[in-house]
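Novice: based on what follows, work out the 3D shape:
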Amino acid sequence: MSQRFTVSKSDGDPRPTDIQGEVNQLFEGDEPPSSSAAETEAAAGAEVVVVLKGDNNPKESSPFINSSDAAAEKSQQYDGKNMALFEEEMDTSPMVSSLLSSLANYSNLPQGSKEHEEAENNEAESARKKPVKAPQLGTLMGVYLPCIQNIFGVILFLRMTWLVGIGGVIGTFIIVFMCCATTMLTAISMSAIATNGVVPAGGSYYMISRSLGPEFGGAVGICFYLGTTYAGAMYILGAIELLLIYIAPKAAIFPLEGLEGAEAEAALLNNMRVYGTILLTSMATVVFVGVKYVNKLALVFLACVILSILAVYAGVIKTGIEPPVFPVCLLGNRTLMSKAFDVCAKTVETANGTVTTQLWRLFCDSPFLNATCDSYFAANNVTQIQGIPGITSGILAENLFGTYYEKGDLIDRRNMESVEDPDDPLTNANRYVLADITSFFTLLVGIYFPSVTGIMAGSNRSGDLRDAQKSIPIGTIAAITTTSTVYMSSVILFGACIEGVVLRDKFGEGVHGNLVIGTLAWPSPWVIVIGSFFSTCGAGLQSLTGAPRLLQAIAKDGIVPALRIFGHGKANGEPTWSLLLTACICESGILIASLDSVAPILSMFFLMCYMFVNLACALQTLLRTPNWRPRFKFYHWALSFLGMSLCLTLMFLCSWYYAIVAMVIAGSIYKYIEFAGAEKEWGDGIRGLSLSAARYALMRLEEGPPHTKNWRPQLLVLVSTDAEQNVEQPRLLSLTNQLKAGKGLTIVGTALEGTYLENYEQAQRAEQSLRKLMETEKVKGFCQVTVSSNLRDATSHLLQASGLGGLKHNAVLVSWPRNWKQADDHQTWRNLIELVRETTTARLALLVPKNISAFPSNSERFTEGHIDVWWIVHDGGMLMLLPFLLRQHKVWRKCKMRIFTVAQLDDNSIQMKKDLTTFLYHLRIDAMVEVVEMHDSDISAYTYEKTLVMEQRSQMLKQINLTKTEREREIQSITDSSRGSIRRKNPAAVTTQLSVTEEPAATSKEEKPEEEVQLIHDNTTPASPATPATPLTPGEGAQSPGEQIQMTWTEKCDGEPAKPPGAATPEGIKDIFNMKPNQSNVRRMHTALRLNEVILKKSSEARLVLLNMPGAPKNRTGDEHYMEFLEVLTEGLNRVLLVRGGGREVITIYS
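Specialist: Predicted structure coming up:
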């Protein structure tokens, strides 16, 4: 039902008004009729209420209500809601009630699904999608425990005791504190980012990419992926190390028995490779079959980790009450390998006397007491010490400082005397516990850091959290606090409970092959061994589960074209191809086979990821982006910068060469995405940084004009488009590219005729055409399309309004109007002349290439040739600078530069050449110099007649107003007469002119002589001294010469009043034949002809000729003559660049 609307005041005084009239007035900008009354009531505080009433009139028309049935149903939909006024908006803008409902019921998309913005907007897809079960995980199960499981890992169980022994309690505590502080600061930054809006699944990659943009996001995302993948390799290697050394040593495929030194090490590494590959294949198969099994086992593996840590703390408490018996056998101060003997003594007293032991037989050549033994064995006693003296023993003081070893050094006990001859070589080295790698402080940092990674586990599960913005900060920071406390306390407790030689014994060779941390555990070492084995297997499975999904998320974002194939998977979304690639990369880590070598690699990638998380938070905070409103308030940009600095420091501390390799990888990915990746606008911080930097730079540029040393051509390139909005002069952009060695600003502009509202789509097409051509020609810059009622005004608007602040163009590049004589209207060449005037007034340089189609494309190469500069008047050095810039481009690089200048009669040409050579030397420009002498000569009859024909043509076109046929007949007679006169006076000069014959009117234009066609066409639209496009202001003729910048061209009149244009009469035409040429025009024509003659003689073979462009005449009645002079000046030259300086110096001899 249609409705009629009336507006009434709340006091009940009805004022029925047709709402269409009110709306028309409102949108037309008119005030309502009772505006004064309304203002009075408003001032008095009266309340005005709009009441909508229905009057049961079904035929009421309204601009808001359609008369169709669908519209009627639509109005029924909003009936009674007082929302009919917004019916037209409902198609594009939802009701607030429905919007709030959809926002409140927002559910995070599962990990690895489409980008959430696109998925939310795709209504059809969301309608087909099965309803997503609401996430129910809280802080404990969703964030805290997964972080605990991922942070506690293989390093704690396999390397922590060794780190304490090598680095000492103080050194190791510093390492642990630095690493934990780094992760804590990163967690604070991550919490701020995670609470700044809804966090879809994708975790850390999503946060970094949306905060720092697709380039940084892709680079860091791939680094994070590689880190997670190598973490899987590290966990698998840790599990195999536990299996082959502590659980089942006899399972080795390459037996270690009887091997020593490098052979034993190689056998161990080969075992690691074989078993690691087998375990990786098994894990990848489990992940491929179903992730649900991995998730179900996660809690079991987590229980193993917690039980193992509790067993260690229980063992520490027990050592204070009753230290366990773990004897360590020392020869002198050297630790002996315990698996080769049973009794820690040289001899044993028995009932039968003194008997030698197995240890004796290891160092002596026979079991008898008179045997020849190793000198060190003979000189030192065998001592058995307690491996775990207990927390109350005071051993902490001995373990405070570190002891670093070279590879192959003996693990000895400090502060214990031994008899040793420095000159004796080391013998029986395989009987002692030796250092397997060279250790130093930075190596320890690289090995330890992976044990604090895993802080992203909570944010990676953001899709499963009930309240991600609350759970992620609390759970992550609590997990880091817990694990940091455990790590720092374990450093002190290990140093306080365990003997130093046992701590430095990486594989427990001195304690019967036991895991060193297991010797401390209660009730049994097997608790730690079994628990740590299962926890490392679980962590490896988690890595193989998470890494493919991360790669799939990056691939589905489409920012890295090479990875698109990895976005596909099984029907249920499982990333099959990503899993295959992950397994292959993981295998490369397993082939390294050394836990100590793999750990620094993944440290690099994780540190780089954490560094960019901190950078993202700091950047968003400092830029004060309006959208930066995190719920987590306990952050500061200084903390983020400190975290970033710590990450960078740790990267180079761990391994400077790995750090450089990681940065090169990230940088390569960044540049690849920048050049080949998809364009993404995510509202990232880098875009905000660019805006802030641009604003700052623009404000700096406003402080003053640039110094001459900083001058570079900032080009405004004016191009024209055809009816299909395609650029007509594409080579103009090729020339622009070749001129851009100065790396300045480039604005490519075009003008359209009409109104903006009617031509908006054309303007958009023209802009797309410009962008496409700029991309093809590799021109970096901006494009601008201006629409105005006429092209002249549109071009003037482009000239005035392009650029911003200090970043404005200082030079205009426009093509010479092609076939300007044959044009049906004079607008093309009049536009050029007006542009010359405007650029002169605005103090802008002007570059006009003639025969632009003959200029080379960017793919062409000149292997030889010259760029000739004809320096006639000083223009600020533009003529010197432009060839230098062109020769920086590969098209012109092989061309040599020549500079010609003109000497008058009273000039010393020899001195001029010396001065010009010196000047170029100071400018550091290599060029050949030549001075051309042009002496005064008589004006030839040809010059006189050419000027006369030019003026007669101009005057005739202003006076004759005949039909086209009559014009052609009159022009034919005039040109015949003029050419006959020229032929009589100077036959040699006109031998190239075409003869004129009478032809029927039906003859085509192409068959007519060139000059005749020009005359006919130019006369089609008679020119007037002031056309509407180029109006003359009343006071223009009265301006003083000083007010016109560089406008030195003047039109002299011979004192006779101008005759008003009238109808063509025989007397008027007779006056044209009797007129005499203007002497000023004769002199200019003489100069143009002489210069053209000299230029053709010297530069006819040049690849490019650069020439000073004369200024336009002040009096617009001489515009046609100006074009003729320039045409004569450049006649016969293939490529010409007319240059007009902007009135300021652009090149300097000073450094």
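Novice: only C-alpha atoms for contact and neighbour calcs from this point on.
Specialist: Will do.
Novice: residue 625 is in contact with residue 689, isn't it?
Specialist: No - Residue 625 is beyond contact range of residue 689, at 9.6 Å (criterion: CA atoms under 8 Å).
Novice: by mean pLDDT, which helix or strand of this structure comes out lowest?
Specialist: helix 1010-1018 (a mean of 37; mean pLDDT, DSSP states H and E).
Novice: okay, residue 788: pLDDT?
Specialist: Looking at residue 788, its pLDDT is 91.
Novice: got the contact list for stretch 347-363?
Specialist: 340-346, 367-369, 373-374, 377, 428, 431 (CA atoms under 8 Å, 6 or more residues apart in numbering).
Novice: again, only this time at 10 Å
Specialist: 336, 338, 340-346, 364, 366-369, 371-378, 382, 427-428, 431 (CA atoms under 10 Å, 6 or more residues apart in numbering).
Novice: common neighbours of residue 625 and residue 689, please.
Specialist: residue 619.
Novice: what's the helix or strand for residue 191?
Specialist: Under the criterion of DSSP states H and E, residue 191 resides in helix 160-194.
Novice: so what's the gap between the helix or strand following that helix and the chain middle?
Specialist: Note on helix 160-194: by DSSP H and E, the next helix or strand toward the C-terminus is helix 203-241. Helix 203-241 sits 20 Å away from the centroid of its parent chain (CA atoms, centre = their mean, to the nearest Å).
Novice: list the buried residues in helix 203-241.
Specialist: Judged by neighbour count (16 or more other CA atoms under 10 Å), helix 203-241 contains these buried residues: 203-241.
Novice: ok, residue 1132 - how many residues close by?
Specialist: Using other CA atoms under 10 Å, residue 1132 is surrounded by 13 other residues.
Novice: mind checking which helix or strand the closest residue to it other than its chain neighbours is in?
Specialist: Excluding the flanking residues, the one nearest residue 1132 by CA to CA, 6 or more residues apart in numbering is residue 1096, at 7.1 Å. In the assignment (DSSP H and E), residue 1096 maps to helix 1079-1099.
Novice: could you name the helices and strands sitting against that helix?
Specialist: strand 866-871, strand 896-903, strand 928-933, helix 941-959, strand 1104-1108, helix 1119-1129 (3 or more CA pairs under 10 Å, 6 or more residues apart in numbering; DSSP states H and E).
Novice: I'd like those laid out as JSON lines, including distance to residue 717, mean pLDDT and mean neighbour count.
Specialist: Shown next, in JSON lines, are the helices and strands packed on helix 1079-1099 (distance: least, CA to CA, whole Å; pLDDT from 0 to 100; neighbours: other CA atoms under 10 Å):
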{"stretch": "strand 866-871", "distance to residue 717": "22", "mean pLDDT": "88", "mean neighbour count": "23"}
{"stretch": "strand 896-903", "distance to residue 717": "25", "mean pLDDT": "86", "mean neighbour count": "19"}
{"stretch": "strand 928-933", "distance to residue 717": "31", "mean pLDDT": "83", "mean neighbour count": "18"}
{"stretch": "helix 941-959", "distance to residue 717": "31", "mean pLDDT": "66", "mean neighbour count": "20"}
{"stretch": "strand 1104-1108", "distance to residue 717": "18", "mean pLDDT": "89", "mean neighbour count": "23"}
{"stretch": "helix 1119-1129", "distance to residue 717": "21", "mean pLDDT": "79", "mean neighbour count": "19"}
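Novice: coming back round to it: can you give me the angle the helix holding residue 191 makes with helix 203-241?
Specialist: 160 degrees (axes from the mean of the first three to the mean of the last three CA atoms, to 10 degrees).
Novice: buried residues of helix 160-194, list them for me.
Specialist: Buried, per 16+ other CA under 10 Å, within helix 160-194: 160-173, 175-194.
Novice: so where's the stretch 701-850 of the chain shaky on pLDDT?
Specialist: 703-710, 741-742, 822-826 (pLDDT under 70).
Novice: phi first, then psi, for residue 459.
Specialist: With angles defined as degrees, to the nearest 10, residue 459 sits at phi -70, psi -30.
Novice: count the neighbours of it for me.
Specialist: Neighbours of residue 459 (other CA under 10 Å): 32.
Novice: show me where the stretch 201-350 of the chain has helices.
Specialist: Secondary structure of the stretch 201-350 of the chain (DSSP state H, counting those that start in this stretch): helices located at 203-241, 261-289, 291-321.
Novice: now the shortest one: average pLDDT?
Specialist: Okay, so that is helix 261-289. 88.
Novice: what residues does stretch 759-772 touch?
Specialist: By CA under 10 Å, 6+ apart, the list of residues contacting stretch 759-772 reads 719-727, 730, 733, 748-754, 756-757, 773-788.
Novice: buried residues in that stretch, which are they?
Specialist: Buried, per 16+ other CA under 10 Å, within stretch 759-772: 762-763, 765-767, 769-771.
Novice: which one of the residues you listed is nearest residue 313?
Specialist: Using CA to CA, residue 771 is the member of the buried residues of stretch 759-772 that lies nearest residue 313, at 67.9 Å.
Novice: for the helix or strand hosting the closest one, C-alpha coordinates in CSV please.
Specialist: Using DSSP H and E, residue 771 sits in helix 760-776. Output of helix 760-776 as CSV, limited to C-alpha atoms (Å, rounded to 0.1, in the frame of the first residue of the first chain):
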residue,chain,number,x,y,z
TYR,A,760,32.8,9.9,-15.3
GLU,A,761,33.0,6.4,-16.9
GLN,A,762,35.1,7.7,-19.8
ALA,A,763,37.4,9.3,-17.3
GLN,A,764,37.8,6.0,-15.4
ARG,A,765,38.5,4.2,-18.7
ALA,A,766,41.1,6.8,-19.6
GLU,A,767,42.7,6.4,-16.2
GLN,A,768,42.9,2.7,-16.6
SER,A,769,44.3,3.1,-20.1
LEU,A,770,47.0,5.5,-18.7
ARG,A,771,47.9,3.0,-15.9
LYS,A,772,48.2,0.1,-18.3
LEU,A,773,50.4,2.1,-20.7
MET,A,774,52.5,3.3,-17.8
GLU,A,775,53.0,-0.3,-16.6
THR,A,776,53.9,-1.4,-20.2
